[in-house]
Structures are given as structure tokens and as C-alpha cells.
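> Predicted model and sequence below, questions to follow.
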Amino acid sequence: MNSLDDGVYDLRGLKCPLPVLKTEKRLRGMAPGTMLTVETSDPLAIIDIPHFCNENGHILLTSEKTGSGHRFTIRKT
């Protein structure tokens, strides 16, 4: 868990607020324009991740339901 295998940051199994906090930390170390795909199983992430992106100016490219939760693709600004 919590690795970037196949370009996906796996945060499944973590509960609020950890998915947002770990996404924020990961994005902080990335270059502007870089994309990050995050997988979560926390039901609150569907609210928290889009809100985080909106508040911090990042672009939420996709938000999709998966078998185990949600997958978000974010472009860092």
C-alpha cells in the first residue's frame, strides 16, 4: 500500500483525512503539470479530494468509481 505502482498512488484502506493529506504531500514534491492518479476506498474522498483540488488550484481531470472505491486523476498546478 501507499506506493506508486503503474503510476497509481494506492491509498486504499486509509480513512479521512489521510487520503487528502498523503495526496497533498505527494503533489508537493511533484513538478507543475505532472499528473497523479490516486486510488482510495474512503467514502469521504469523493468529497474531500475534489475540495482539496479546488482549494489548492490543482485540476481534477477524472473522478471515477472503482470496485474498491474511487480513482482520481489530478494535474498539479
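All right, it came through fine.
> Show me the strands in the chain, by range?
Along the chain, the stretches classed as strands by DSSP state E are 4-5, 8-10, 35-40, 59-66, 69-75.
> Residue 50: which of the ones you listed is closest?
Relative to residue 50, the nearest member of these by C-beta to C-beta is strand 59-66, separated by 5.4 Å. In this view, the C-beta of every residue, glycine as well, is placed from N, C-alpha and C.
> That closest one pairs with which strands, parallel or anti?
Sheet pairing here is set by DSSP bridges, and for strand 59-66 it gives strand 69-75 (antiparallel).
> Send me the partner strand as PDB with only the CA atoms.
Only the C-alpha atoms of strand 69-75 are listed here, as PDB (Å, rounded to 0.1, in the frame of the first residue of the first chain):
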ATOM      1  CA  GLY A  69     -13.700   2.900  -4.000                       C
ATOM      2  CA  HIS A  70     -12.700   5.800  -6.200                       C
ATOM      3  CA  ARG A  71      -9.900   6.800  -8.600                       C
ATOM      4  CA  PHE A  72      -8.900  10.400  -9.100                       C
ATOM      5  CA  THR A  73      -6.500  11.800 -11.700                       C
ATOM      6  CA  ILE A  74      -5.100  15.200 -10.700                       C
ATOM      7  CA  ARG A  75      -2.900  17.600 -12.600                       C
END
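> Now find how far off-centre it is within its chain.
5 Å (C-alpha atoms, centre = their mean, to the nearest Å).
> now the angle from that strand to strand 35-40?
160 degrees (axes from the mean of the first three to the mean of the last three C-alpha atoms, to 10 degrees).
> Show me the contact partners of strand 69-75.
8, 12, 23, 27, 33-43, 45-46, 49-50, 53, 58-64 (C-beta atoms under 8 Å, 6 or more residues apart in numbering).
> so where's the protein shaky on pLDDT?
1-6 (pLDDT under 70).
> hang on, the earlier thing: which ChimeraX command selects the buried ones in the contacts of strand 69-75?
In ChimeraX, a selection of the buried entries from the contacts of strand 69-75 looks like this (16 or more other C-beta atoms under 10 Å):
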select :12,23,27,36,37,38,39,40,41,42,45,49,53,58
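> Report the beta-bridge partners for the residue most central in space within the chain.
The residue lying closest to the centre of the chain (C-alpha atoms, centre = their mean) is residue 38, at 3.8 Å. When bridges are called by DSSP bridges, residue 38 pairs up with residue 9, residue 72.
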